[in-house]
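Visitor: pasting the sequence and the predicted coordinates here, then a few questions.
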Amino acid sequence: MALDYDPCLKPYMSEPSFMFISHEIAHNGFLLGFILISLLLLGTFSLGIFFICLIRKHKGGNIAKQQRYLIISALVQLSITIFFNIVPVVLFIFILCFEIPHTENFLLILFSVISTHSFLESLATLYFVTPYRKAIISMYHQIFLIHSLPTVPIHLLGVSRSSVMNINIT
């Protein structure tokens, strides 16, 4: 079946890791995946809206500052996951399902966006977890204060020009 699709695949037929899935079979799977991930995206958006409403509802002081901070942290991490994982996967499956031509460069950009998710997630964790943030700040101060030049106080005696001229004249 793979050779019917493309005769150039003949050298790879003996490879144990070679797998060919025809477009007809894959299309149904991609369509189902597109629907499921779209529902997941809708659920995460509704969860984000719930967090925003929760913050606005309890803005008057009923909710503790730490709880508000944790809700904001969850909202930021949810946003990072939505925009750097779920949206690119939905777009990727959309492109494959509907066979949109000339999207190779766009797919490369999508995969690059997906790869930045873990970096941004770790930065968000370092920022929103207070002990981690304090440890990073203390390490930053230790590194840059050790390498700074020591300061030495300089004591100057105040001498005016008029007193110097008076000394020279007499």
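Guide: Received, thanks. Residues are numbered from 1 along each chain as shown.
Visitor: for the rest of this, base every contact and every neighbour count on C-alpha atoms.
Guide: OK.
Visitor: would you confirm that I114 contacts L91?
Guide: No - with contact defined as Cα atoms under 8 Å, I114 does not reach L91; the gap is 11.5 Å.
Visitor: any stretches of this structure with poor pLDDT?
Guide: 1-5, 58-63, 146-152, 154-170 (pLDDT under 70).
Visitor: give me the element L120 is part of.
Guide: For L120, the host element (DSSP states H and E) is helix 117-128.
Visitor: and that helix, what does it pack onto?
Guide: Helix 117-128 sits against helix 65-81, helix 130-146, with contacts defined as 3 or more Cα pairs under 8 Å, 6 or more residues apart in numbering; DSSP states H and E.
Visitor: buried set for that helix?
Guide: By 16 or more other Cα atoms under 10 Å, the buried positions in helix 117-128 come out as H117, E121, A124, T125, L126, F128.
Visitor: count of neighbours near the nearest residue to the third one once chain neighbours are set aside?
Guide: By that I understand A124. In space, A124 comes closest to Q77 once its chain neighbours are excluded; the distance is 6.9 Å by Cα to Cα, 6 or more residues apart in numbering. Q77: 18 surrounding residues under other Cα atoms under 10 Å.
Visitor: what separation do you get for Q77 and N85?
Guide: Separation of Q77 from N85 (Cα to Cα, to the nearest Å) stands at 11 Å.
Visitor: distance of the nearest residue to T103 once chain neighbours are set aside from F20?
Guide: The spatial neighbour of T103 that comes closest, neighbours along the chain excluded (Cα to Cα, 6+ apart), is I95 at 7.8 Å. Distance of I95 to F20, given as Cα to Cα: 19 Å.
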